[in-house]
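Peer 1: Sequence plus predicted model, see below.
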Amino acid sequence: SSSSSSSYVFLHLNWGERGAVSLPSQCVLATSKEEAVAKTTHIVASGCESMSVPGTTLGSYDRRVQTIQRLSHEEIKEVLTGIARRCEQNKTEPPKMLLANPDFVTVNGDRLEVMPGTMSLWYKEILNEIYGGKNNSRSFNADDYVVKLGKPAPIIYTTLRKEIVQQTQNNRSNSNSNSSSSSSRGEKRSDGDDAVFANVLCVGDSLEHDIRGAQSVGAKSCFIVETGIHAEEFDFSSSKSGKEVEAALQAMCEKYNVESPTCTIPKFSWN
């Protein structure tokens, strides 16, 4: 409701050069770092370059229209620490961080750049130090204060499954005059993820997110090895034999506790 939402203050960690995103208009944003420390009740992590302030708009980064406040990584850590200390001093629980993108890093040209997933690690480390360490509370679990909304969290696949089932029902309804019978068959098919995702291929360069997420719902997975975030670690080389590549991939999968992907490709390229 509007009355209850007015008591919520959001720290929205956002992008800058990549293009800022906006929260729904009813979300009350902190106007400064200081207000974020003093009043934040909810944290939304969309990016790693700024915080939204009132007036933030959608679109590519443009200083004429964007009113985000740019923050360094150290400043983000300082704000998160300040929020946690304030809550601990008031003997209240810290706000949960809604993690829009759990990826830890992404490839930008020839380097890796921090993604929101890394900020969640900072936040959990801060919470463990302030709540777990200071109070020596074994019951405190910082993981409870990070809510993943992207891969490999179930919510993204649950949403996709609904879309697939709905599309299947629509297609059957269009080709079968007995729409009620077709709808019934569609509902029955949606009971299990394996059936719905049997013909889905998930492609990505993160074992922890793209590949693990695909495997969690029984989808096929394609791992990009030469240009993705694991490229240096995997040390893909065309000079290696097939057995050497297979052994290296198996070792990587064991390290990140995932099953081997359905297939691999070196990279995407424009023809």
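Peer 2: Looks like it came in fine. Numbers count the residues shown, from 1 in each chain.

Peer 1: elements contacting the longest helix anywhere in the chain?
Peer 2: Criterion DSSP state H: the longest helix present in the chain is helix 154-175. Packing partners of helix 154-175 (3 or more CB pairs under 8 Å, 6 or more residues apart in numbering; DSSP states H and E): helix 179-189, helix 193-196, helix 212-216. Where C-beta positions appear, they are placed from N, C-alpha and C, glycine not excepted.

Peer 1: I figured Leu71 was touching Gly47, is that so?
Peer 2: No - with contact defined as CB atoms under 8 Å, Leu71 and Gly47 do not form a contacting pair (9.9 Å).

Peer 1: what sits in contact with each of those two?
Peer 2: With contacts taken as CB atoms under 8 Å, 6 or more residues apart in numbering, the residues that reach both Leu71 and Gly47 are Leu13.

Peer 1: quick one, what contacts the closest residue to Phe234 other than its chain neighbours?
Peer 2: Spatially, and ignoring its direct neighbours in sequence, Phe234 is nearest to Val225 (5.4 Å; CB to CB, 6 or more residues apart in numbering). For Val225, the residues meeting the contact criterion (CB under 8 Å, 6+ apart) are 205, 231, 234, 236, 249, 264-267.

Peer 1: how much space between the closest residue in space to Ser7 that isn't next to it in sequence and Glu246?
Peer 2: Distances taken as CB to CB, 6+ apart place Thr41 nearest to Ser7, at 7.4 Å, with adjacent residues excluded. In this view, Thr41 and Glu246 are 50 Å apart by CB to CB, to the nearest Å.

Peer 1: who has more neighbours, the two?
Peer 2: Using other CB atoms under 10 Å as the criterion, Thr41 and Glu246 rank with Thr41 on top: 16 against 13.

Peer 1: give the contact list for that one.
Peer 2: Neighbouring residues of Thr41 by CB under 8 Å, 6+ apart: 7-10, 95.

Peer 1: Now those in JSON lines, please, with extra columns for pLDDT.
Peer 2: Putting those into JSON lines (pLDDT from 0 to 100) gives the following:
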{"residue": "Ser7", "pLDDT": "83"}
{"residue": "Tyr8", "pLDDT": "92"}
{"residue": "Val9", "pLDDT": "95"}
{"residue": "Phe10", "pLDDT": "95"}
{"residue": "Pro95", "pLDDT": "97"}
